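Visitor: take a look and give me a structure for this.
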Amino acid sequence: MGRSARIERSTKESQVLVELDLDGTGTSDISTGVPFFDHMLAQLAKHGGLDLIVRTSGDLEVDAHHTVEDTSLALGQAVNAALGDRAGLRRFGDATVPLDECLVQSAVDLSGRPYLVHVEPELVELIGTYDTTLTRHIWESIVATAQVTLHVRVLSGRNAHHVVEAQFKSVARALRDAVAVDPRVVGIPSTKGTLTAS
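Guide: Presented below is the predicted three-dimensional model:
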């Protein structure tokens, strides 16, 4: 169906390129300079069935915040662009994913309305060089530009790596269902006739 997008974002803090294909095979080629974030985006691609290329050059000499934020904003833009008018889609998706001691539940609505509910336990501050407080901000940024509603709840877990990784896997599976084409859906899956912000 060719549901793909290419987004370039350039500021004084970062330069970002995102190429996304919603109907991919889960392949990814990601380089942001933040290794754990790269690993998480690879999880999103693999378990979401997305083909994803990300190239980010950011002001890592300051910290990873701008790099992660701007990449997430561009990724959300790519999702929004690739979805088009959202006709014929399932619209909703949910997934509960275990990772050893951790269990995460996610639900997505391609509503055209950005809204995030995010519940996770307090975690150690760093996974390698990755600031764990950025995880919520990643979801906030993607939700804002993708124009979707997202609920992510960590139901159990104590290992920080598992808690963050299970979130990405769970969101990936929920998004995979939500963006799927449903042959029983005629037109826009909404009684108001639109799923876009405009």
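Visitor: alpha carbons only for contacts and neighbour counts from here, please
Guide: Will do.
Visitor: measure Arg6 to Ser72 for me?
Guide: As judged by CA to CA, to the nearest Å, Arg6 and Ser72 stand 14 Å apart.
Visitor: the two: who's more crowded?
Guide: Shown here are Arg6 and Ser72; by other CA atoms under 10 Å, Ser72 has more neighbours (25 against 18).
Visitor: contacts only, for the more buried one.
Guide: For Ser72, the residues meeting the contact criterion (CA atoms under 8 Å, 6 or more residues apart in numbering) are Ile138, Trp139, Ser141, Ile142.
Visitor: neighbours of the closest residue to the third one other than its chain neighbours, how many?
Guide: What it means is Ser141. Nearest-residue entry for Ser141: Leu73, 5.0 Å, with adjacent residues in sequence omitted and distances by CA to CA, 6 or more residues apart in numbering. If you count neighbours by other CA under 10 Å, Leu73 ends up with 22.
Visitor: right, and the helix or strand after the helix or strand where Leu73 lies?
Guide: Element membership for Leu73 (DSSP states H and E) is helix 65-83. Where DSSP H and E defines the elements, the next helix or strand beyond helix 65-83 is strand 92-99.
Visitor: contacts for that following strand?
Guide: Counting contacts by CA under 8 Å, 6+ apart, the residues touching strand 92-99 from outside are 103-110, 162, 166, 169-171, 173-179.
Visitor: tell me which of those residues fall in strands.
Guide: With strands defined by DSSP state E, the entries of the contacts of strand 92-99 inside them are Leu103, Val104, Gln105, Ser106, Ala107, Val108, Asp109.
Visitor: nearest to Ser14 among those?
Guide: Val108 (28.3 Å; CA to CA).
Visitor: show me the contacts for the closest one.
Guide: Arg91, Phe92, Gly93, Asp94, Val148, Thr149, Leu150, His151, Val171, Ala174, Leu175, Ala178.
Visitor: so the fifth one sits right up against Arg113, yeah?
Guide: Yes - between Val148 and Arg113 a contact is recorded at 5.4 Å, counting by CA atoms under 8 Å.
Visitor: more neighbours, these two?
Guide: With other CA under 10 Å as the criterion, Val148 and Arg113 differ in neighbour count, and Val148 comes out ahead with 24 against 18.
Visitor: can you pull the contacts of that one?
Guide: Counting by CA under 8 Å, 6+ apart, Val148 makes contact with Val108, Asp109, Leu110, Ser111, Gly112, Arg113, Pro114, Tyr115.
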